[in-house]
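Visitor: A structural model of the following input is requested.
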Amino acid sequence: MTDKISSLPVSQAAAPASAAPKKSWRDVWHVYTEAATLRMLLLGFSAGLPLLLVFGTLSFWLREAGIDRTTIGYLSWVGLAYGFKWVWAPLVDRLPIPLLTRWLGRRRSWLLLSQTLIMTALVAMALTDPRQALLPVVWCALAVAFGSATQDIALDAYRIESADIQRQAALAASYQTGYRIAMIWAGAGALWIAARAEITSLTGYQHGAWQTAYLVMAASMLLGMVTVLCSPEPQRRELPPSKNLAEWLKGALIAPFADFLRRYGKQALLILALIAVYRISDVVMGIMANPFYVDMGYTKDEVATVTKIYGVIMTLVGAFVGGGLAMRFGVMKVLMLGAILSAASNLLFAWLGTRGHDVTALIFVISADNLSSGIASAAFIAYLSSLTNVNYSATQYALFSSMMLLLPKFLAGYSGKFVDAFGYSQFFTASALLGLPVLVLVALASRQIKPASQ
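Guide: Numbers count the residues shown, from 1 in each chain. You can find the predicted model right below:
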């Protein structure tokens, strides 16, 4: 197993994904055995763990606690923290943490700090019963989301700086695999733990069961923390010294965005539009998936078992196939495939709503959804990485990934209200139709061969 921590020259921006030469299948699969790729699997787990704990799993918990769907939908706006992470990304990119940065380096110090915040907030959430007081749960969820968004900023920069552009698709696939496995653990795993922790002699909602599940999830963050402590810091990029605060702010806040606009010119608007809507079908639909399972009569055990077995398998297949296809045929073709599959999988949920309590149909739909999501996400992460200048990796990637979530998360806040008004079938169909403009934007963006200026 080799460890390839190489880097681009400081002045070089990442080449566009479409410019990568075609690799042999042997080279494609060998890259997955490299230490940097395997390390990204573990760090991807740390990044993916908090997401469902403040969205999908939390919505299952809240629905079981008797919270209405409209309120659950509005609470998904906690996720807007991910949509505004570009605001504090320049600080993560450049600001050292006293003592910690000298010990671990710029990227790893921010990773460890954000992971500590996530763990602490999850423990606090576990100790709060939403049926007794909903507001403390909201504040804890906000803290988890803020810590998770900060971890994403530092981790995206760490990934981009840890390997050359030719390996970014593989790192993205490995990262996405770890991310999706963590989501399954935070989803199916949390449901399974909560079901096991229930007192069988009692019926109905039991807060103690959810408390146990969330404490276990908090402890699971230790995997990422240990990985950070055992990982090397990417090659340090010396930043030009600033003469005063105004010059520092210009370099930290303005330069990353100016660089992107300079390199892509008028193409920047098309790229940003694609980023803003690419995952809209998945994100808008996702917040209502667990309330849908509850209302359809599926138990925590059933959802956990199906997701744990079939979700894991199809997630692994989707992420690695997506990463491999992107390296072999180019990112843009796989982006189009992922966009089509993501929209189509939402229609399967509409079909599932007509089946009643059908576990076989649930297996098929969850499998298809995880496969399509894995393919789309691996290609999309590689595409975003290809747009990033390594001089501003944290800030620029935070801007891209924030835009990816901002509009979808805002619309998702109304998902519960939509379901209450029109029903699940119409909701899933409408969320699938949201993916149609994505196909047009991917087709237009495929014509973009290289940045306007290097």
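
Visitor: Just give me the neighbour total for A258.
Guide: A count of nearby residues for A258, using other CB atoms under 10 Å, gives 12. Just so you know, the C-beta spots here come from the backbone N, C-alpha and C atoms, and that holds for glycine as well.

Visitor: Determine the set of other helices and strands touching the helix or strand harbouring it.
Guide: Using DSSP states H and E, A258 falls within helix 255-264. Contact here means 3 or more CB pairs under 8 Å, 6 or more residues apart in numbering; DSSP states H and E; on that basis helix 255-264 packs against helix 267-277, helix 393-412.

Visitor: Contacts for stretch 226-236, please.
Guide: With contact meaning CB atoms under 8 Å, 6 or more residues apart in numbering, stretch 226-236 is reached by 3, 5, 7, 39, 42-43, 46, 104-108, 111-112, 115, 158, 161-162.

Visitor: buried sites along stretch 218-228?
Guide: By neighbour count on 16 or more other CB atoms under 10 Å, the buried set for stretch 218-228 is 218, 220-221, 223-225, 227-228.

Visitor: now do stretch 139-154
Guide: 140-154.

Visitor: tell me the two of the residues you listed that are most distant?
Guide: Spanning the widest gap among these are C140 and A154, at 21.6 Å by CB to CB.

Visitor: so how far is stretch 399-408 off the chain centroid?
Guide: Put simply, stretch 399-408 sits 11 Å off its chain's centre (CA atoms, centre = their mean, to the nearest Å).

Visitor: Would you mark the buried spots in that stretch?
Guide: Using 16+ other CB under 10 Å as the test for burial, stretch 399-408 gives 399-408.

Visitor: Redo the residues you listed as TSV? Include distance to P234.
Guide: Below are the buried residues of stretch 399-408 laid out as TSV (distance: CB to CB, whole Å):
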residue	distance to P234
L399	20
F400	19
S401	19
S402	22
M403	25
M404	23
L405	25
L406	28
L407	32
P408	30
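
Visitor: now the residues you listed as TSV including pLDDT?
Guide: Shown next, in TSV, are those (pLDDT from 0 to 100):
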residue	pLDDT
L399	74
F400	78
S401	74
S402	75
M403	77
M404	78
L405	76
L406	80
L407	85
P408	85
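
Visitor: If we only consider these, which is nearest to K417?
Guide: When those are compared for distance to K417 (CB to CB), P408 wins out at 16.0 Å.

Visitor: Against which helices or strands is the strand or helix carrying A36 packed?
Guide: Per DSSP H and E: A36 is located in helix 35-53. Helix 35-53 makes packing contacts with helix 106-126, helix 134-161, helix 168-184, helix 207-220, helix 222-230 when contacts are defined by 3+ CB pairs under 8 Å, 6+ apart.

Visitor: between it and helix 222-230, how big is the angle?
Guide: For helix 35-53 against helix 222-230, the angle between stretch directions is 150 degrees (axes from the mean of the first three to the mean of the last three CA atoms, to 10 degrees).

Visitor: CA atoms only: put helix 35-53 into PDB for me.
Guide: Provided in PDB are the C-alpha atoms of helix 35-53 (Å, rounded to 0.1, in the frame of the first residue of the first chain):
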ATOM      1  CA  ALA A  35      -3.100   5.000   1.700                       C
ATOM      2  CA  ALA A  36      -4.500   8.500   0.800                       C
ATOM      3  CA  THR A  37      -7.600   6.900  -0.700                       C
ATOM      4  CA  LEU A  38      -8.200   4.500   2.300                       C
ATOM      5  CA  ARG A  39      -7.600   7.400   4.700                       C
ATOM      6  CA  MET A  40     -10.300   9.400   2.900                       C
ATOM      7  CA  LEU A  41     -12.700   6.500   3.500                       C
ATOM      8  CA  LEU A  42     -12.400   6.900   7.300                       C
ATOM      9  CA  LEU A  43     -12.600  10.700   7.100                       C
ATOM     10  CA  GLY A  44     -15.600  10.500   4.900                       C
ATOM     11  CA  PHE A  45     -17.300   8.400   7.600                       C
ATOM     12  CA  SER A  46     -16.600  11.200  10.100                       C
ATOM     13  CA  ALA A  47     -18.100  13.700   7.700                       C
ATOM     14  CA  GLY A  48     -21.200  11.700   6.900                       C
ATOM     15  CA  LEU A  49     -22.200  10.800  10.400                       C
ATOM     16  CA  PRO A  50     -23.700  14.100  11.600                       C
ATOM     17  CA  LEU A  51     -25.900  14.700   8.600                       C
ATOM     18  CA  LEU A  52     -28.800  12.300   9.200                       C
ATOM     19  CA  LEU A  53     -28.600  12.900  12.900                       C
END
